[in-house]
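Participant: Next input, structure requested:
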Amino acid sequence: MLRVGQGYDLHPLVLNRPLILGGVTVFHPDNLGLAGVTDGDCLTHAIIDAILGAAGLGDIGQMFKATAATVQNADSTHLLAIVLQKAWSLGFTIHNIDCTILAEQPKLADSIPKMRRVLCEICQLEENQLSIKATTMEQLGPVGRNEAIAAMAVTLLENNSKEAIR
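Facilitator: Residues are numbered from 1 along each chain as shown. Coordinates of the predicted model:
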């Protein structure tokens with residue numbers, strides 16, 4: 001059985017916090033990073049939601065309560081690894097993940113290859129199974145005003161276990 005999942009996340013930019021996207025620390029010219037209960041990595045959060053959605057497991061907020069001590073300032077790639085273990089334990093495999101980052105600043109072209117390598121290693125995917133693109137919002141909305149960064153992800157999972165087919 002094939003299952004499609006989508007994820008979206010947006011976090012506000014704040015001063016003096018590291019900007020982490022896809023598990024990679026990215027330089028922001030205005031020394032801005034993403035606010036959040038965790039490290040604020042909206043790209044990884046979007047991927048988590050896409051996987052959880054495709055697997056029928058809810059969303060990141062249901063799996064990781066914001067008030068839990070283990071979530072406070074957590075490395076989002078660690079949360080992704082937990083979600084992957086759950087999905088794999090249920091018999092799901094990932095065919096591909098396609099992502100788009102929405103950011104006015106910084107320009108992300110130089111950071112995307114490292115993000116892909118980090119995320120492919122965690123997800124146990126070949127680089128041709130995970131794509132990351134970046135675009136601006138043409139100075140519109142909170143992303144366009146450089147107040148936030150957002151990310152979207154879509155994934156295709158497969159599960160051929162007898163339990164999934166029922």
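
Participant: From Arg3, how far out is the spatially most central residue of the chain?
Facilitator: For the chain, the residue sitting closest to the mean C-alpha position, by CA atoms, centre = their mean, is Thr44 at 2.0 Å. From Thr44 across to Arg3, the span is 20 Å (CB to CB, to the nearest Å). Any C-beta I mention is one placed from the backbone N, CA and C, and that applies to glycine too.

Participant: Lys114: what secondary structure?
Facilitator: At Lys114 the chain is in helix, as set by DSSP: H, G, I helix; E, B strand; the rest coil.

Participant: swap in Gln85?
Facilitator: helix.

Participant: just Ser131 next, same as before
Facilitator: Look at Ser131: counting by three-state DSSP, its state is strand.

Participant: can you pull the contacts of it?
Facilitator: Ser131 makes contacts with Asn96, Ile97, Asp98, Cys99, Arg116, as judged by CB atoms under 8 Å, 6 or more residues apart in numbering.

Participant: now do Gln139
Facilitator: Glu104, Arg145.

Participant: per-residue confidence at Lys162?
Facilitator: According to the prediction, Lys162 has pLDDT 72.

Participant: For Gly56, see how far away it is.
Facilitator: Distance from Lys162 to Gly56, by CB to CB: 16 Å.

Participant: more crowded one of these two?
Facilitator: Gly56 (14 against 7; other CB atoms under 10 Å).

Participant: list the helices and strands the strand ranked longest in the chain packs on?
Facilitator: In the chain, with assignment by DSSP state E, the single longest strand is strand 2-15. Secondary-structure packing of strand 2-15 (3 or more CB pairs under 8 Å, 6 or more residues apart in numbering; DSSP states H and E): strand 32-34, helix 42-54, helix 141-144, strand 148-159.

Participant: tell me the most buried of the ones you listed?
Facilitator: Burial of the helices and strands packed on strand 2-15 is given as mean neighbour count (mean count of other CB atoms under 10 Å); helix 42-54 ranks first at a mean of 27.
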